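In: Pasted the sequence and its predicted model underneath.
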Amino acid sequence: MTTNRIQPVLLPILSPLVAIASALLVGAVLILLAKANPITAYGILFKESLADYYGFANTIAKTAPLLLASLGVLVPLKAGLFNIGAEGQIYMGGLGSALVGLSLQGLPALIHVPLALLGGFLLGGIWGFIPGYLKAVRGVNEVITTLLLNYVALNFVGYLVNNPLKAPGAPSAFSPLIEESARLPIILPQTQAHAGIFIGLIATGILWVLLTRSPLGYQIEAVGQNPTAARYAGMSVERTIIAVMAFAGGFAGLAGAGEVMGLKYRLFDRFSPGYGFDAIAIALLSRGNLAGIVLTSVFFGILRSGANVMQRSANVPVTVVYAIQGLTVLFIAISFAVERQIKLKS
């Protein structure tokens, strides 16, 4: 009886740890195949990402968009939905913040920065609202619509920065610089670490309150667990789906806003290296736990930050790091199947 009670508590905690450890072990084999020392390679990876001043700053810069985008995947999961459109929502959020940062002039930073963030949240939210509406009203599978909207967003932003938003005389596809008053402050001097990480942590705290201390959070959980029962209880399943997807798009949009306002200061074509897709893995790995979201985002930020250094210093290809990320997802999927079998037997 005691074992049966402990299992549901321990499994969600142990499974991600086992998945990460397993991925690192298999990654060590890949490093050996690349004729490098795994201990040396991992030592460089974590040391440069956490102990080095500039490496740590780079980890912060990588973690911020991963954290915000993964929140955009987590919220729909709570409602039984799967948002794989965070990448497109990142691009639309970047566009929204860039438009505000370029068009409004003469504002103090205290006003301009929140407005630019709001622009990113709203445009990302609209990009999440579309599949939410189609799911709730038309019954269209959100996986299909969010996937397709990724490519619409990427190509739409690409068109804009190649044509109407392209900086005069620019050698490649990017917009003019946004106003200085719309830029996020740098938190570590002479680095790329910006205040976007604080926005991610604040958003995580707000989401925790929303999910655990509000009627809307209870409604989201109810719809995710049993939409039929939620409807019988008087809850509007359709409105919940639309709201959840819109909020999800807004969170991912903030990730794009942070990239434009804190890192690049202008809108680029293909400015995201795939943060929206990494966010799917982070959300799954964290098992819906917000503390887990933060820690897993840091882990993926470390991998992204230290990958190039590991290649230069230990002669390990960057693709090994990408393989570790993919293996982490694979092992967490395996852990889901194992958990299900354990629960069935118990």
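Out: Thanks, I have the structure now. Being a predicted model, the structure only gives us computed values, none of them experimental. Residues are numbered from 1 along each chain as shown.

In: ok, how many other residues are close to Tyr218?
Out: Tyr218 sits with 14 neighbouring residues when counted by other C-beta atoms under 10 Å. For the C-beta atoms, the positions are set from N, CA and C on the backbone; glycine is no exception.

In: From Ala170, how far out is it?
Out: With distances taken as C-beta to C-beta, to the nearest Å, Tyr218 is found 50 Å from Ala170.

In: go on, Gly80?
Out: 44 Å.

In: same thing with Ala283?
Out: In this view, Ala283 and Ala170 are 36 Å apart by C-beta to C-beta.

In: Between the two, point out the one with more neighbours.
Out: Ala283 (26 against 14).

In: I'd assumed Leu77 was in contact with that one.
Out: Yes. Counting by C-beta atoms under 8 Å, Ala283 sits close enough to Leu77 to count as a contact (6.0 Å).

In: which stretches of the stretch 1-150 of the chain have low pLDDT?
Out: Judged by pLDDT under 70, the stretch 1-150 of the chain has its weakly predicted residues at 1-13.

In: Could you check stretch 53-66 and say which residues are buried?
Out: Buried residues in stretch 53-66, counting neighbours by 16 or more other C-beta atoms under 10 Å, are found at Gly55, Phe56, Ala57, Asn58, Thr59, Ile60, Ala61, Lys62, Thr63, Ala64, Pro65, Leu66.

In: among those residues, which are in helices?
Out: With helices taken from DSSP state H, the overlap with the buried residues of stretch 53-66 comprises Gly55, Phe56, Ala57, Asn58, Thr59, Ile60, Ala61, Lys62, Thr63, Ala64, Pro65, Leu66.

In: show me what contacts the last one?
Out: When you say that, I think you mean Leu66. When contacts are counted by C-beta atoms under 8 Å, 6 or more residues apart in numbering, Leu66 is found next to Ala255, Tyr275, Asp278, Ala279, Ile282, Ser297, Phe300, Gly301, Arg304.

In: Make JSON lines out of these and add pLDDT, secondary structure and distance to Val143.
Out: JSON lines is the format used below for the contacts of Leu66 (pLDDT from 0 to 100; DSSP: H, G, I helix; E, B strand; the rest coil; distance: C-beta to C-beta, whole Å):
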{"residue": "Ala255", "pLDDT": "97", "secondary structure": "helix", "distance to Val143": "20"}
{"residue": "Tyr275", "pLDDT": "95", "secondary structure": "helix", "distance to Val143": "19"}
{"residue": "Asp278", "pLDDT": "92", "secondary structure": "helix", "distance to Val143": "18"}
{"residue": "Ala279", "pLDDT": "94", "secondary structure": "helix", "distance to Val143": "15"}
{"residue": "Ile282", "pLDDT": "91", "secondary structure": "helix", "distance to Val143": "18"}
{"residue": "Ser297", "pLDDT": "93", "secondary structure": "helix", "distance to Val143": "23"}
{"residue": "Phe300", "pLDDT": "91", "secondary structure": "helix", "distance to Val143": "22"}
{"residue": "Gly301", "pLDDT": "93", "secondary structure": "helix", "distance to Val143": "26"}
{"residue": "Arg304", "pLDDT": "88", "secondary structure": "helix", "distance to Val143": "25"}
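
In: Save those as a markdown table, and put in distance to Ile178 and neighbour count too.
Out: Putting these into a markdown table (distance: C-beta to C-beta, whole Å; neighbours: other C-beta atoms under 10 Å) gives the following:
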| residue | distance to Ile178 | neighbour count |
| --- | --- | --- |
| Ala255 | 17 | 34 |
| Tyr275 | 20 | 27 |
| Asp278 | 25 | 28 |
| Ala279 | 24 | 33 |
| Ile282 | 28 | 29 |
| Ser297 | 25 | 30 |
| Phe300 | 27 | 25 |
| Gly301 | 24 | 24 |
| Arg304 | 24 | 25 |
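
In: would you say Gly234 is within a strand?
Out: No. Note on Gly234: no strand contains this position according to DSSP: H, G, I helix; E, B strand; the rest coil, which reports coil.

In: How about the contacts made by Gly132?
Out: Taking C-beta under 8 Å, 6+ apart as the contact definition, Gly132 lies against Glu142, Ile241, Ile242, Ala243, Val244, Met245, Ala246.

In: ok, which pair from the residues you listed is furthest apart?
Out: With distance counted by C-beta to C-beta, no two of the contacts of Gly132 lie farther apart than Glu142 and Ala243, which are 13.6 Å apart.

In: So for the two, which sits in the more crowded spot?
Out: Between Glu142 and Ala243, counted using other C-beta under 10 Å, the more crowded position is Glu142 (24 against 21).

In: That one touches Asn83, doesn't it?
Out: Yes. In this structure, Glu142 is within contact of Asn83 by C-beta under 8 Å, at 6.8 Å.

In: Which neighbours do the two have in common?
Out: Pro76, Pro131, Met245.

In: Just say helix, strand or coil for the most centrally placed residue in the chain.
Out: Closest to where the C-alpha atoms of the chain average out (C-alpha atoms, centre = their mean) is Ala69, at 2.3 Å. Reducing the assignment to helix, strand or coil with three-state DSSP, the entry for Ala69 is helix.
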